[in-house]
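[1] this is a predicted model, with the sequence first.
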Amino acid sequence: MRSICLILYLLNLLPSAEAVELAAIFGDHMVLQREKPVPVWGHGKPGEAITVAFKDQTLKTTVDEKGEWRVHLKPLKTSAESAPLTVTGHEEILLSDVLVGEVWLASGQSNMFWPVGPIEGKRGTWPGVENGEREVAASGFPRIRLNSQVDHEFGIDGWKRCEPDSVRGFSAVAYFFGRELHRELEGVPIGLIARSFGGTSLQAWTPKPELLEVPFVRKHVELYPKVKPRILEWNQRFREYRAEIKKGTTPRPKRPDFLPEEIELAKRLLAQGNLHTRFIEPISPFAIRGFIWYQGETQTLFESLTLAMEDMLPALIKGRRRLWEDESMPFYFVQFPLYNHPTKGTHWPLAREVLRRVHERVPNTGMAVTYDFSDAGNVHPPEKQEVGRRLALWALAETYQREEVVPSGPLFERVEYDGPRAIVHFRHARGLKSNDGEPFRGFQLAGANGTFHEAKAVIEEDRIVVISPGVPVPKEVRFFFGSSDLPNLINAAELPASPFTTEALR
């Protein structure tokens, strides 16, 4: 009898098998994507009849043998008028204040995570953005809705109306991107889903199947078993170091040196898709318009890892598009700002070029150039407003087909060599000019010996002609790749030209 009572007691602790559940991404105040089929899914008791109702649509399905169910609402029209969404099984779930508009997923590391306003988090005080308090105070946009990961840093979870309390700890880049869209799309509701984590790697955000297609990654994954003992030994020393730091030992202990490059890479590339699995997969296939991305600083520890980003970022893009079953889904990302740290900034010029080549190579991508306004001494530039605006320019021009919007400053297209002249052609080249009235800075030429010399550049129509007395027969041209002088080439939209080089990088 006591055994039976114990079993009944334990069964009462379990969740009801008849309680219908919605995927966690759904909630009050959310925005559903317009003009696309909208999946709605969740869990329940196998065989349970499910009814989903929203506006004039009512859909029915049955929970399958795995306890899963899904329906697809037909494409919805834009609606700034809130409406309920109901899911009915043995019980009813009622979601209120649901709008229909444009939904974007923002992800990356700390520069995407960086909050709008000064705020106290689990890891200390975050200073927010330039004029953060003013931005927070002016953030009342009831048709913009914000969704952050559950209990990460600031404890903001679920969907929130855009107002000072919710904006303060929300991704600044995502918010300013969404605010620009909301203004330019004349009040269309905007849903912003933010999934970011400071200091995280590209490999951690990339789906494992696509990541392992990259030869650089596969090489180091195969190396790992051979070097595992050394990695485990280092991990133990690092744990001891952290314990001493926590105790406040004086003098402060020295952090263990990095392992040799190949071993360090084998260790780091072991993080295959863990953040993708944790933060991105649970969202899919929630209907969205596209992605914005700000990450890569963590990839610049070694030159080889920086170069590998040219294959690894396309793998992430491919994986995201596979997950959402849309090979053309837009993916807009941020090219690195200035950062002149004597060691940590070493490979940033190379990273900017790698990101430019990713944009050049992968269709339906866009790249926000940011070196012209950033603080070279700050890995977290505070001018996130302009970062968000420049990402929004890509969305407005390419995704929303606003012909009057120029998405970018001049982007290298090709070069022709004519005797001593290198004739550089750009995309988005209308109205090429100097932003300060001074001669163009940042151009260099190299001949067959590969040695670069400072060069003079002048405008010919919508092209730039580059010459250098030290290079009578140029073979390579570059712009703000080896030069230390901040360049001044912009277009009629007042947007800066991207750095570039024609050199083979590997």
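    Perfect, thanks for sending it. Residues are numbered from 1 along each chain as shown.
[2] how many neighbours does residue 37 have?
    13 (other CB atoms under 10 Å). Placement of C-beta: from N, CA and C, glycine included.
[3] OK, contacts around it?
    Applying CB atoms under 8 Å, 6 or more residues apart in numbering to residue 37 gives the contacts 72, 73, 74, 75, 287.
[4] same deal with residue 297?
    Going by CB under 8 Å, 6+ apart, the list of residues near residue 297 reads 109, 110, 111, 336, 339, 379.
[5] just to revisit the earlier point, closest to residue 169 among the contacts of residue 37?
    Nearest to residue 169 out of the contacts of residue 37 is residue 287 (CB to CB; 25.6 Å).
[6] I'd assumed residue 32 was in contact with the closest one.
    Yes. Counting by CB atoms under 8 Å, residue 287 touches residue 32, with 6.6 Å between them.
[7] need the residues touching each of those two.
    Common neighbours of residue 287 and residue 32 (CB under 8 Å, 6+ apart) are 38, 103.
[8] more crowded one of these two?
    Using other CB under 10 Å as the criterion, residue 287 and residue 32 rank with residue 32 on top: 24 against 21.
[9] do you know how far the more buried one is from residue 100?
    Distance of residue 32 to residue 100, computed by CB to CB, to the nearest Å: 5 Å.
[10] please apply the same query to residue 365.
    On the measure of CB to CB, residue 365 and residue 100 end up 27 Å apart.
[11] these two - which one has more neighbours?
    Shown here are residue 365 and residue 100; by other CB under 10 Å, residue 100 has more neighbours (27 against 21).
[12] okay, now the closest residue to residue 317 other than its chain neighbours: neighbour count?
    Leaving out its chain neighbours, the residue that sits closest to residue 317 by CB to CB, 6 or more residues apart in numbering is residue 331, at 5.0 Å. Using other CB under 10 Å, residue 331 has 25 other residues around it.
[13] now do the contacts for residue 331.
    So residue 331 contacts 290, 291, 292, 293, 317, 320, 321, 362, 364, 365, 366 (CB under 8 Å, 6+ apart).
[14] kindly report the same for residue 424.
    412, 414, 415, 463, 464, 465, 466, 477, 479.
[15] verify the stated contact: residue 498 with residue 368.
    No. Applying CB under 8 Å, one finds residue 498 not in contact with residue 368, separated by 9.9 Å.
[16] hey, what's in contact with both of these two?
    By CB under 8 Å, 6+ apart, the residues touching both residue 498 and residue 368 are 335, 408.
[17] before we move on, the earlier item: in the contacts of residue 37, find the pair that's most separated.
    Farthest apart among the contacts of residue 37 by CB to CB are 74 and 287. That separation is 11.5 Å.
[18] how far away is residue 136 from residue 173?
    15 Å.
[19] who has more neighbours, the two?
    residue 173 (31 against 23).
[20] please identify the helix or strand for that one.
    helix 172-184 (DSSP states H and E).
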